[in-house]
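[1] Turn this into a model:
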Amino acid sequence: MPVRVVESSTPSQVSGANSGNTLPQACSLLTVGQTFSGTQNVSSLQNEKDEAWRVNVCIQGCDLDHGYLCGTMEALNVPMAHAGFAYLQFYQVVTFWEGEIVDSKNYTFFTGKWEATPEDDIRHWTKFPSFSPLLSRVEADGGKTLDLSSCQNIFMRWKEQYFVNVGEDCGLTIAGFYYVCFSCSDGSISGFYYDPKSSPFQKLELKATNAGRSGFSFSTYEFQ
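    Coordinates of the predicted model:
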């Protein structure tokens with residue numbers, strides 16, 4: 001099985017960050033084992049017709065002190081064309097992703113990689129209504145001096161690292177990443193996918209579920 005990918009360029013401390021307790025508040029709905037279910041709108045630059053794929057997410061790891069979390073994303077009924085066949089087959093596609101929690105300590109609102117410019121960051125973060133009060137500070141310095149400890153939302157970036165159950169030749173791409181806003185009040189997640197080569201602002205919408213506690217379960221995968 002693939003192993004976790006660690007990027008050497010990822011900073012462990014934001015230069016010039018607020019040295020006080022600015023970390024987002026801990027949330028019982030953002031813990032290992034918590035699951036989410038919803039949809040992602042998918043389109044391509046060649047095909048303007050949107051599709052909505054059902055999506056399940058499971059948190060596999062979460063470390064607020066270091067601004068890190070990871071998990072799996074499971075897309076259901078994904079259509080794939082096969083060479084030599086005139087029809088589509090539908091598959092379940094699972095990816096492993098790693099996330100950066102915006103906390104003004106480990107990570108700011110400015111991505112600084114993955115082909116995202118500060119202008120791209122601002123365009124995507126402003127899609128979230130809860131980001132509006134933070135805009136002026138973020139435009140100034142990426143939000144390095146923001147105190148997010150009382151914020152009712154946790155902002156993150158999710159980057160898919162590899163496919164779990166299909167090969168890289170499956171016809172899908174994980175080159176981009178998600179801008180994510182998590183609500184601490186109800187566990188809902190909204191996100192927007194960014195990839196310069198894909199249709200912009202593909203929206204991810206998820207709600208927390210009681211998987212495993214009410215008879216509903218997800219597929220399980222073992223990592224090593």
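[2] low-confidence ranges in the protein?
    For the chain, the stretches with pLDDT under 70 are 1-26, 43-50, 80-88, 211-224.
[3] For it, which segments are assigned as strands?
    Counting by DSSP state E, the chain has strands at residues 35-42, 51-63, 68-81, 88-101, 153-163, 177-183, 189-194, 202-208.
[4] which helices and strands does the fourth one pack with?
    Helices and strands touching strand 88-101, as assessed by 3 or more C-beta pairs under 8 Å, 6 or more residues apart in numbering; DSSP states H and E, comprise strand 68-81, strand 153-163. In this view, the C-beta of every residue, glycine as well, is placed from N, C-alpha and C.
[5] Tabulate those in TSV, adding columns for mean neighbour count.
    What follows is the helices and strands packed on strand 88-101, written out as TSV (neighbours: other C-beta atoms under 10 Å):
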stretch	mean neighbour count
strand 68-81	18
strand 153-163	20
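[6] For Ser37, which of these is the nearest?
    Smallest distance to Ser37 across these (C-beta to C-beta): 9.4 Å, for strand 68-81.
[7] which residues touch the closest one?
    Outside strand 68-81, the residues within contact range by C-beta atoms under 8 Å, 6 or more residues apart in numbering are 4, 30, 40, 51, 53-63, 88-101, 106, 156, 158, 160, 164, 170-172, 218-219, 221.
[8] From the chain's centroid, how far away is it?
    From the chain centre to the centre of strand 68-81 is a distance of 11 Å (C-alpha atoms, centre = their mean, to the nearest Å).
[9] Parallel or antiparallel, list what pairs with that strand.
    Sheet pairing of strand 68-81 (DSSP bridges) gives strand 51-63 (antiparallel), strand 88-101 (antiparallel).
[10] any chance of those in JSON lines, with distance to Cys70 and mean neighbour count too?
    Below are the strands paired with strand 68-81 laid out as JSON lines (distance: least, C-beta to C-beta, whole Å; neighbours: other C-beta atoms under 10 Å):
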{"stretch": "strand 51-63", "distance to Cys70": "5", "mean neighbour count": "17"}
{"stretch": "strand 88-101", "distance to Cys70": "5", "mean neighbour count": "18"}
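[11] In JSON lines, list those strands along with distance to Ser149.
    Formatted as JSON lines, the strands paired with strand 68-81 follow (distance: least, C-beta to C-beta, whole Å):
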{"stretch": "strand 51-63", "distance to Ser149": "17"}
{"stretch": "strand 88-101", "distance to Ser149": "13"}
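[12] Of all those strands, which one is nearest Ser188?
    Nearest to Ser188, of all the strands paired with strand 68-81, is strand 51-63, at 11.9 Å by C-beta to C-beta.
[13] what's the angle from the closest one to strand 202-208?
    Following axes from the mean of the first three to the mean of the last three C-alpha atoms, to 10 degrees, one obtains 60 degrees for the angle between strand 51-63 and strand 202-208.
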